[in-house]
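**Q** Please find the sequence and the predicted model below.
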Amino acid sequence: KVEFPPFRAGRPVWVDDTGFDLSFHLRRTALPSPGGRRELAEFVQRVHSRPLDRTKPLWEMYLIEGLEDGYVAVLSKSHHAMIDGLSGMDIATVMFDFSPEPQRLEPQPWTPESPPSGGDLLRRAVTDQVRNPVQALVEGAGRLLHAPQEFLAETGRLLGGVRSLLALGQAPAGPFNVPVGPNRRFAMAEVPVSDAKAIKDALGGTVNDVVLAAVAGALRTNLQHRGERVTGQSLRAMVPVSTRGEGTAASLGNQVSMFFVDLPVGVADPARRFRKITAATRGLKTSHQATAATAIMNSARWAPPTLHGLAARLVARQRFVNLIVSHVPGPQV
(Lines give C-alpha, C1' and ligand atoms only; values in the text may rest on other atoms or scores of the structure.)
Protein backbone atom coordinates (compact mmCIF):
# COMPACT_ATOMS: atom_id res chain seq x y z
CA LYS A 1 0.00 0.00 0.00
CA VAL A 2 1.01 3.65 -0.25
CA GLU A 3 2.78 5.24 2.71
CA PHE A 4 3.64 8.93 2.84
CA PRO A 5 6.66 10.25 4.77
CA PRO A 6 5.97 12.69 7.63
CA PHE A 7 5.16 16.25 6.57
CA ARG A 8 4.87 14.99 2.95
CA ALA A 9 8.62 15.61 2.76
CA GLY A 10 9.10 13.31 -0.22
CA ARG A 11 7.43 10.93 -2.60
CA PRO A 12 5.25 8.15 -1.13
CA VAL A 13 6.63 4.61 -1.04
CA TRP A 14 5.14 1.13 -1.33
CA VAL A 15 5.01 -0.89 1.92
CA ASP A 16 3.43 -4.24 2.79
CA ASP A 17 -0.07 -4.03 4.26
CA THR A 18 0.31 -5.85 7.58
CA GLY A 19 -3.49 -6.02 7.91
CA PHE A 20 -4.11 -7.28 4.38
CA ASP A 21 -7.55 -8.86 3.99
CA LEU A 22 -8.12 -10.58 0.65
CA SER A 23 -11.90 -10.62 1.15
CA PHE A 24 -11.92 -6.81 1.07
CA HIS A 25 -10.43 -6.80 -2.42
CA LEU A 26 -12.18 -9.83 -3.96
CA ARG A 27 -15.93 -9.28 -4.14
CA ARG A 28 -18.82 -11.32 -5.48
CA THR A 29 -21.95 -9.75 -6.89
CA ALA A 30 -24.81 -10.41 -9.33
CA LEU A 31 -26.62 -8.35 -11.93
CA PRO A 32 -30.39 -7.75 -11.91
CA SER A 33 -32.39 -9.55 -14.58
CA PRO A 34 -32.01 -9.83 -17.54
CA GLY A 35 -28.25 -9.44 -16.98
CA GLY A 36 -27.56 -7.88 -20.38
CA ARG A 37 -25.01 -5.34 -21.51
CA ARG A 38 -26.98 -2.41 -20.15
CA GLU A 39 -27.10 -3.89 -16.63
CA LEU A 40 -23.40 -4.79 -16.80
CA ALA A 41 -22.42 -1.30 -17.98
CA GLU A 42 -24.45 0.34 -15.21
CA PHE A 43 -22.73 -1.82 -12.59
CA VAL A 44 -19.26 -1.07 -13.99
CA GLN A 45 -19.83 2.70 -14.01
CA ARG A 46 -21.00 2.63 -10.38
CA VAL A 47 -17.87 0.75 -9.31
CA HIS A 48 -15.63 2.98 -11.42
CA SER A 49 -17.09 6.16 -9.88
CA ARG A 50 -15.98 5.14 -6.38
CA PRO A 51 -12.41 6.11 -5.48
CA LEU A 52 -10.15 3.34 -4.21
CA ASP A 53 -9.43 3.27 -0.47
CA ARG A 54 -5.92 4.73 -0.23
CA THR A 55 -5.30 3.18 3.19
CA LYS A 56 -5.27 -0.26 1.53
CA PRO A 57 -3.65 -1.83 -1.54
CA LEU A 58 -5.00 0.07 -4.55
CA TRP A 59 -6.95 -2.66 -6.35
CA GLU A 60 -10.31 -4.44 -6.31
CA MET A 61 -11.69 -7.35 -8.30
CA TYR A 62 -15.33 -8.37 -8.78
CA LEU A 63 -16.80 -11.70 -9.84
CA ILE A 64 -20.08 -10.70 -11.49
CA GLU A 65 -22.73 -13.39 -11.87
CA GLY A 66 -26.24 -13.26 -13.27
CA LEU A 67 -25.33 -12.42 -16.86
CA GLU A 68 -27.61 -13.68 -19.59
CA ASP A 69 -26.85 -17.06 -21.19
CA GLY A 70 -25.08 -18.22 -18.02
CA TYR A 71 -22.01 -16.02 -18.43
CA VAL A 72 -19.98 -14.45 -15.62
CA ALA A 73 -17.79 -11.35 -15.82
CA VAL A 74 -14.62 -10.33 -14.02
CA LEU A 75 -14.06 -6.63 -13.33
CA SER A 76 -10.55 -5.63 -12.26
CA LYS A 77 -9.93 -2.12 -10.94
CA SER A 78 -6.37 -0.97 -10.22
CA HIS A 79 -4.80 2.42 -9.63
CA HIS A 80 -2.57 3.58 -12.47
CA ALA A 81 0.19 4.25 -9.92
CA MET A 82 0.56 0.45 -9.58
CA ILE A 83 0.35 -0.82 -13.15
CA ASP A 84 -0.10 0.44 -16.69
CA GLY A 85 -2.36 -1.09 -19.31
CA LEU A 86 0.03 -3.76 -20.59
CA SER A 87 0.82 -4.93 -17.04
CA GLY A 88 -2.89 -5.12 -16.31
CA MET A 89 -3.41 -7.26 -19.40
CA ASP A 90 -0.59 -9.58 -18.29
CA ILE A 91 -2.22 -10.00 -14.88
CA ALA A 92 -5.59 -10.69 -16.51
CA THR A 93 -3.98 -13.34 -18.71
CA VAL A 94 -2.51 -15.36 -15.82
CA MET A 95 -5.94 -15.58 -14.18
CA PHE A 96 -7.09 -18.05 -16.84
CA ASP A 97 -6.12 -21.65 -17.61
CA PHE A 98 -5.17 -22.64 -21.14
CA SER A 99 -7.17 -25.86 -20.92
CA PRO A 100 -10.66 -26.75 -19.61
CA GLU A 101 -9.10 -28.63 -16.68
CA PRO A 102 -8.47 -26.19 -13.85
CA GLN A 103 -5.18 -26.05 -11.99
CA ARG A 104 -5.36 -26.77 -8.28
CA LEU A 105 -3.25 -24.06 -6.71
CA GLU A 106 -2.20 -24.23 -3.07
CA PRO A 107 -2.06 -20.92 -1.19
CA GLN A 108 1.50 -19.72 -0.71
CA PRO A 109 2.50 -18.53 2.77
CA TRP A 110 3.13 -14.81 2.97
CA THR A 111 4.64 -12.81 5.82
CA PRO A 112 4.48 -9.03 5.40
CA GLU A 113 7.60 -6.99 5.96
CA SER A 114 7.44 -4.63 8.89
CA PRO A 115 6.61 -1.10 7.71
CA PRO A 116 9.35 1.52 8.05
CA SER A 117 9.04 3.98 10.90
CA GLY A 118 8.15 7.59 10.34
CA GLY A 119 11.76 8.54 11.04
CA ASP A 120 13.03 6.05 8.44
CA LEU A 121 10.60 7.40 5.85
CA LEU A 122 11.65 10.97 6.57
CA ARG A 123 15.37 10.16 6.32
CA ARG A 124 14.84 8.29 3.06
CA ALA A 125 12.80 11.16 1.62
CA VAL A 126 15.43 13.78 2.49
CA THR A 127 18.22 11.57 1.13
CA ASP A 128 16.37 11.06 -2.16
CA GLN A 129 15.82 14.81 -2.56
CA VAL A 130 19.59 15.34 -2.35
CA ARG A 131 20.88 12.22 -4.10
CA ASN A 132 18.69 12.04 -7.21
CA PRO A 133 19.50 15.49 -8.69
CA VAL A 134 23.22 14.92 -8.05
CA GLN A 135 23.05 11.46 -9.63
CA ALA A 136 21.26 12.83 -12.68
CA LEU A 137 23.95 15.52 -13.13
CA VAL A 138 26.79 13.01 -12.71
CA GLU A 139 25.24 10.60 -15.23
CA GLY A 140 24.70 13.42 -17.74
CA ALA A 141 28.29 14.65 -17.36
CA GLY A 142 29.61 11.09 -17.75
CA ARG A 143 27.67 10.52 -20.95
CA LEU A 144 28.84 13.87 -22.34
CA LEU A 145 32.48 12.94 -21.72
CA HIS A 146 32.32 9.35 -22.98
CA ALA A 147 29.95 9.75 -25.95
CA PRO A 148 29.66 13.47 -26.77
CA GLN A 149 28.12 13.04 -30.24
CA GLU A 150 25.45 10.64 -28.98
CA PHE A 151 24.71 12.89 -25.99
CA LEU A 152 24.40 16.00 -28.19
CA ALA A 153 22.21 14.17 -30.71
CA GLU A 154 19.89 12.99 -27.94
CA THR A 155 19.77 16.50 -26.48
CA GLY A 156 18.86 17.86 -29.90
CA ARG A 157 16.03 15.33 -30.25
CA LEU A 158 14.80 16.27 -26.79
CA LEU A 159 14.81 20.01 -27.53
CA GLY A 160 13.06 19.39 -30.85
CA GLY A 161 10.39 17.37 -29.06
CA VAL A 162 9.91 20.07 -26.42
CA ARG A 163 9.49 22.66 -29.20
CA SER A 164 6.85 20.52 -30.90
CA LEU A 165 5.00 20.12 -27.59
CA LEU A 166 5.05 23.85 -26.92
CA ALA A 167 3.93 24.56 -30.49
CA LEU A 168 0.70 22.65 -29.85
CA GLY A 169 -0.70 25.46 -27.73
CA GLN A 170 -4.13 25.25 -26.14
CA ALA A 171 -6.49 22.43 -27.09
CA PRO A 172 -9.37 23.34 -29.44
CA ALA A 173 -12.52 24.66 -27.79
CA GLY A 174 -15.23 22.07 -27.22
CA PRO A 175 -17.88 20.74 -24.85
CA PHE A 176 -15.38 18.50 -23.02
CA ASN A 177 -13.33 21.43 -21.68
CA VAL A 178 -15.18 21.52 -18.38
CA PRO A 179 -14.33 20.58 -14.78
CA VAL A 180 -14.38 16.79 -14.35
CA GLY A 181 -16.55 15.47 -11.52
CA PRO A 182 -16.37 12.14 -9.67
CA ASN A 183 -19.03 10.27 -11.66
CA ARG A 184 -18.16 8.03 -14.59
CA ARG A 185 -20.11 6.57 -17.51
CA PHE A 186 -19.24 3.26 -19.12
CA ALA A 187 -20.28 1.79 -22.45
CA MET A 188 -18.88 -0.93 -24.69
CA ALA A 189 -18.93 -2.01 -28.30
CA GLU A 190 -17.32 -4.91 -30.15
CA VAL A 191 -15.38 -4.85 -33.41
CA PRO A 192 -13.56 -7.97 -34.64
CA VAL A 193 -9.78 -7.51 -34.71
CA SER A 194 -9.83 -8.99 -38.21
CA ASP A 195 -11.99 -6.03 -39.38
CA ALA A 196 -9.52 -3.51 -37.95
CA LYS A 197 -6.60 -5.30 -39.60
CA ALA A 198 -8.46 -5.47 -42.92
CA ILE A 199 -9.03 -1.70 -42.82
CA LYS A 200 -5.40 -0.86 -42.10
CA ASP A 201 -4.22 -3.31 -44.76
CA ALA A 202 -6.56 -1.78 -47.36
CA LEU A 203 -5.87 1.89 -46.55
CA GLY A 204 -2.37 1.78 -45.07
CA GLY A 205 -1.53 2.67 -41.48
CA THR A 206 -1.80 0.77 -38.22
CA VAL A 207 -4.47 -0.76 -36.00
CA ASN A 208 -3.91 2.19 -33.66
CA ASP A 209 -4.81 4.53 -36.54
CA VAL A 210 -8.02 2.52 -37.05
CA VAL A 211 -8.88 2.98 -33.36
CA LEU A 212 -8.25 6.72 -33.50
CA ALA A 213 -10.30 7.09 -36.69
CA ALA A 214 -13.19 5.16 -35.13
CA VAL A 215 -13.06 7.34 -32.01
CA ALA A 216 -13.02 10.46 -34.19
CA GLY A 217 -16.13 9.22 -36.01
CA ALA A 218 -17.90 8.43 -32.75
CA LEU A 219 -17.03 11.88 -31.38
CA ARG A 220 -18.43 13.47 -34.55
CA THR A 221 -21.73 11.63 -34.07
CA ASN A 222 -21.83 12.55 -30.38
CA LEU A 223 -21.21 16.24 -31.07
CA GLN A 224 -23.90 16.29 -33.76
CA HIS A 225 -26.40 14.77 -31.33
CA ARG A 226 -25.50 17.53 -28.86
CA GLY A 227 -26.20 20.14 -31.51
CA GLU A 228 -22.54 21.21 -31.62
CA ARG A 229 -20.90 22.56 -34.78
CA VAL A 230 -18.52 20.00 -36.31
CA THR A 231 -17.58 21.56 -39.67
CA GLY A 232 -13.83 22.15 -39.74
CA GLN A 233 -13.52 21.08 -36.09
CA SER A 234 -10.88 18.87 -34.47
CA LEU A 235 -10.28 17.59 -30.94
CA ARG A 236 -6.83 16.88 -29.53
CA ALA A 237 -6.24 13.44 -28.02
CA MET A 238 -3.37 12.41 -25.79
CA VAL A 239 -2.36 8.88 -26.80
CA PRO A 240 -0.24 6.85 -24.35
CA VAL A 241 2.38 4.60 -25.95
CA SER A 242 4.18 1.76 -24.22
CA THR A 243 7.95 1.91 -23.83
CA ARG A 244 8.24 -1.64 -22.50
CA GLY A 245 10.97 -3.87 -23.88
CA GLU A 246 11.06 -7.64 -24.15
CA GLY A 247 12.34 -8.16 -20.62
CA THR A 248 9.88 -5.85 -18.85
CA ALA A 249 6.56 -7.19 -20.15
CA ALA A 250 5.33 -8.49 -16.78
CA SER A 251 6.88 -5.90 -14.44
CA LEU A 252 4.79 -3.51 -12.40
CA GLY A 253 4.81 0.27 -12.56
CA ASN A 254 4.33 2.58 -15.54
CA GLN A 255 6.52 2.45 -18.62
CA VAL A 256 4.68 4.73 -21.00
CA SER A 257 5.24 7.87 -22.99
CA MET A 258 2.68 9.80 -25.02
CA PHE A 259 2.02 11.76 -28.16
CA PHE A 260 -0.75 14.11 -29.22
CA VAL A 261 -3.05 13.72 -32.22
CA ASP A 262 -5.67 16.15 -33.52
CA LEU A 263 -8.74 14.06 -34.39
CA PRO A 264 -10.52 15.49 -37.48
CA VAL A 265 -14.12 15.25 -36.22
CA GLY A 266 -15.17 17.70 -38.93
CA VAL A 267 -14.39 15.20 -41.70
CA ALA A 268 -17.48 13.21 -42.69
CA ASP A 269 -15.88 10.61 -44.98
CA PRO A 270 -14.42 7.73 -42.85
CA ALA A 271 -11.66 6.86 -45.33
CA ARG A 272 -10.51 10.48 -45.59
CA ARG A 273 -10.65 10.81 -41.81
CA PHE A 274 -8.48 7.69 -41.50
CA ARG A 275 -5.91 8.99 -43.99
CA LYS A 276 -5.63 12.34 -42.18
CA ILE A 277 -4.96 10.51 -38.90
CA THR A 278 -2.43 8.20 -40.57
CA ALA A 279 -0.57 11.22 -41.95
CA ALA A 280 -0.60 12.87 -38.51
CA THR A 281 0.69 9.82 -36.61
CA ARG A 282 3.35 9.15 -39.25
CA GLY A 283 4.64 12.68 -38.77
CA LEU A 284 4.66 12.29 -35.00
CA LYS A 285 7.13 9.43 -35.20
CA THR A 286 9.74 11.89 -36.49
CA SER A 287 8.78 14.83 -34.24
CA HIS A 288 10.34 13.36 -31.06
CA GLN A 289 7.25 14.34 -29.08
CA ALA A 290 7.36 11.02 -27.23
CA THR A 291 11.05 11.55 -26.40
CA ALA A 292 10.28 14.92 -24.83
CA ALA A 293 7.27 13.55 -22.95
CA THR A 294 9.37 10.68 -21.57
CA ALA A 295 12.09 13.08 -20.41
CA ILE A 296 9.53 15.28 -18.68
CA MET A 297 8.01 12.28 -16.90
CA ASN A 298 11.48 10.98 -15.95
CA SER A 299 12.05 14.22 -14.06
CA ALA A 300 10.36 12.33 -11.21
CA ARG A 301 13.86 11.10 -10.39
CA TRP A 302 14.90 14.52 -9.13
CA ALA A 303 11.96 16.94 -9.04
CA PRO A 304 10.35 17.41 -5.60
CA PRO A 305 6.76 16.16 -5.08
CA THR A 306 5.41 19.71 -4.71
CA LEU A 307 6.69 20.53 -8.22
CA HIS A 308 4.94 17.44 -9.61
CA GLY A 309 1.71 18.50 -7.95
CA LEU A 310 1.95 21.98 -9.44
CA ALA A 311 2.71 20.54 -12.89
CA ALA A 312 -0.26 18.16 -12.73
CA ARG A 313 -2.64 20.97 -11.76
CA LEU A 314 -1.22 23.20 -14.49
CA VAL A 315 -1.80 20.55 -17.18
CA ALA A 316 -5.36 19.96 -15.92
CA ARG A 317 -6.23 23.67 -15.92
CA GLN A 318 -4.49 24.76 -19.12
CA ARG A 319 -6.33 22.23 -21.31
CA PHE A 320 -3.55 21.07 -23.57
CA VAL A 321 -5.76 18.14 -24.62
CA ASN A 322 -9.50 17.47 -24.93
CA LEU A 323 -9.44 13.75 -24.16
CA ILE A 324 -7.29 10.64 -23.77
CA VAL A 325 -7.49 7.67 -26.11
CA SER A 326 -5.70 4.60 -24.79
CA HIS A 327 -5.28 1.51 -26.97
CA VAL A 328 -4.01 -1.59 -25.14
CA PRO A 329 -3.51 -4.84 -27.11
CA GLY A 330 -5.36 -7.78 -25.61
CA PRO A 331 -4.04 -11.32 -25.10
CA GLN A 332 -2.52 -12.74 -28.27
CA VAL A 333 -3.80 -16.28 -27.55
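**A** Sure thing, it's come through.

**Q** What residues of stretch 52-72 count as buried?
**A** Of all the residues in stretch 52-72, those buried under the rule 16 or more other CB atoms under 10 Å are L52, K56, P57, L58, W59, E60, M61, Y62, I64, G66, L67. From N, CA and C alone the C-beta is placed, and that goes for glycine too.

**Q** Endpoints of it, how far apart?
**A** 23 Å (CA to CA, to the nearest Å).

**Q** Low-confidence stretches in the stretch 51-200 of the chain?
**A** 129-147, 149-168 (pLDDT under 70).

**Q** Quick one: classify I199 as helix, strand or coil.
**A** The three-state label given to I199 by DSSP: H, G, I helix; E, B strand; the rest coil is helix.

**Q** need the helices for the protein, in chain order.
**A** Along the chain, counting by DSSP state H, helices occupy 22-25, 37-49, 85-94, 118-146, 148-168, 193-203, 207-225, 270-284, 289-298, 305-318.

**Q** between the buried residues of stretch 52-72, which is closest to P112?
**A** P57 (11.1 Å; CB to CB).

**Q** List the contacts of the closest residue in space to that closest one that isn't next to it in sequence.
**A** Nearest residue to P57 in three dimensions, chain neighbours excluded: K1, at 5.0 Å (CB to CB, 6 or more residues apart in numbering). Contacts for K1 (CB atoms under 8 Å, 6 or more residues apart in numbering) come out as W14, V15, D16, D17, R54, T55, K56, P57, L58.

**Q** so what pLDDT did K1 get?
**A** With respect to pLDDT, K1 scores 95.

**Q** and what of V13?
**A** 89.

**Q** so it touches L121, yeah?
**A** Yes: using CB atoms under 8 Å, V13 makes contact with L121 at a distance of 6.8 Å.

**Q** and the two? which has more neighbours close in?
**A** L121 (20 against 17; other CB atoms under 10 Å).

**Q** separation between the more buried one and F4?
**A** Using CB to CB, to the nearest Å, one gets 8 Å for the distance from L121 to F4.

**Q** Quickly list what's touching both of V13 and L121.
**A** For the pair V13 and L121, residues contacting each of them under the criterion CB under 8 Å, 6+ apart are E3, P5.

**Q** what's the closest of the buried residues of stretch 52-72 to R184?
**A** L52 (13.1 Å).

**Q** For L40, grab the count of nearby residues.
**A** Per other CB under 10 Å, the neighbour tally for L40 reads 20.

**Q** is it true that it touches I64?
**A** Yes: taking CB under 8 Å as the definition, L40 is a contact partner of I64 at 7.0 Å.

**Q** and for the two, which residues touch both?
**A** Counting by CB under 8 Å, 6+ apart, the residues touching both L40 and I64 are L31, A73.

**Q** Enumerate every residue touching R27.
**A** Listed by CB under 8 Å, 6+ apart, the contact partners of R27 are E60, M61, Y62, L63.

**Q** from what I can see the last one touches R28, true?
**A** What it means is L63. Yes: assessed by CB under 8 Å, L63 is found in contact with R28 at 4.9 Å.

**Q** Could you list the buried residues of stretch 172-181?
**A** For stretch 172-181, by 16+ other CB under 10 Å, it's P172, G174, F176.

**Q** let me fix that: stretch 232-244
**A** For stretch 232-244, the buried set under the neighbour-count rule, 16+ other CB under 10 Å, comprises Q233, S234, L235, R236, A237, M238, V239, P240, V241, S242, R244.

**Q** ok, back up a step: what is the nearest of the contacts of R27 to D97?
**A** The closest of the contacts of R27, once distances to D97 are taken by CB to CB, is L63, at 15.9 Å.

**Q** how close does that closest one sit to I277?
**A** 38 Å.

**Q** cool, I199 as well?
**A** Separation of I199 from I277 (CB to CB) stands at 12 Å.

**Q** Spatially nearest residue to V13, not counting backbone neighbours?
**A** In space, V13 is closest to E3, 5.6 Å off (CB to CB, 6+ apart).

**Q** and the one you found, how many neighbours does it have?
**A** Other residues near E3 come to 15 when the count uses other CB under 10 Å.

**Q** tell me the contacts of it?
**A** P12, V13, W14, V15, P115, P116, L121.

**Q** Tell me if I'm right that R220 and D269 touch.
**A** No: using CB under 8 Å, R220 is not in contact with D269; the gap is 10.9 Å.

**Q** When these two are compared, which one has more neighbours?
**A** Using other CB under 10 Å as the criterion, R220 and D269 rank with R220 on top: 22 against 10.

**Q** and that one, what does it touch?
**A** V230, V265, G266, V267, A268.

**Q** per-residue pLDDT, it?
**A** We have a pLDDT of 97 for R220.
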